[in-house]
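>>> Make a model of this:
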Amino acid sequence: MKTIGYAIPCFPTLSETFTGVEMRAMATLSHQVIPFSFVKGQHYQQADIPLMKQCSYSSNMPYYSLRHIHYAFRCCPFISQQHEFGRLALIRQGLQLALWADHHHCQRLHAHFAWHSAARAIVAAKTPNIPVSFVGLGADIYAGPQDLMAKLARLPIQLCCH
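Next up is the predicted model:
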């Protein structure tokens, strides 16, 4: 089974309990799940505590060394299409996430939400050249689609309807 790195804006948080539910379901299917979060949540359900303990938070992640900056060139076309996220921040945070994904031997990156976490995951996945996916919810798609078409253009599309 695969090692899947989850890029999550804030984890854990009560308003997004489905994120923990999904990661636990993937672990039940024998995937190794590695959560990466940009902000540590303060209110959470008890079931998320084991995932929270193994989560890597961006404040604790080392920066990618400048000697690896050449990997960012793989992402230049995508980064140039991002208008809702500072390009230098996207490069830095994407390479930072790539370092952790590589450290944990992730074979796939998955982002929750189609906003900044998806952009970071796309940049990060291009560094070690691993597959990337993301989930978009109503707000991501209809209320504030942040460069959504550019993100979708970078993915092999697999539509899933429930």
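
>>> Tell me where this structure has strands.
With DSSP state E, the ranges of strands along the chain come out as 3-11, 32-40, 56-57, 108-112, 132-135.

>>> what's near enough to touch the residue lying closest to residue 48 once chain neighbours are set aside?
Distances taken as Cβ to Cβ, 6 or more residues apart in numbering put residue 12 closest to residue 48, at 3.7 Å, once the chain neighbours are dropped. All C-beta atoms are positioned from the backbone trio N, CA, C, and that covers glycine. Counting by Cβ atoms under 8 Å, 6 or more residues apart in numbering, residue 12 touches 19-20, 41, 44-45, 48-49, 51-52.

>>> Residue 78: which of the residues you listed is nearest?
residue 19 (24.1 Å; Cβ to Cβ).

>>> Now the closest one: closest residue in space that isn't a chain neighbour?
Leaving aside its sequence neighbours, residue 19 sits nearest to residue 112 (Cβ to Cβ, 6+ apart; 5.2 Å).

>>> So in terms of bridging, what pairs with the one you found?
Residue 112 forms beta bridges with residue 135, as assigned by DSSP bridges.

>>> ok, how many other residues are close to it?
26 (other Cβ atoms under 10 Å).

>>> Just the buried subset of the contacts of residue 12, written out for PyMOL, thanks.
Selection of buried members from those for PyMOL, criterion 16 or more other Cβ atoms under 10 Å:
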select buried, resi 19+20+41+44+48+51+52
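
>>> so what's the residue nearest to residue 19 scoring on pLDDT?
What the model reports for residue 112 is a pLDDT of 86.

>>> now do the one 3 residues further on
Here the pLDDT value assigned to residue 115 is 70.

>>> That one reaches residue 140, doesn't it?
Yes: taking Cβ atoms under 8 Å as the definition, residue 115 is a contact partner of residue 140 at 6.0 Å.

>>> Neighbour count: these two, which is higher?
Taking neighbours as other Cβ under 10 Å, residue 115 and residue 140 compare with residue 115 leading, 23 against 20.
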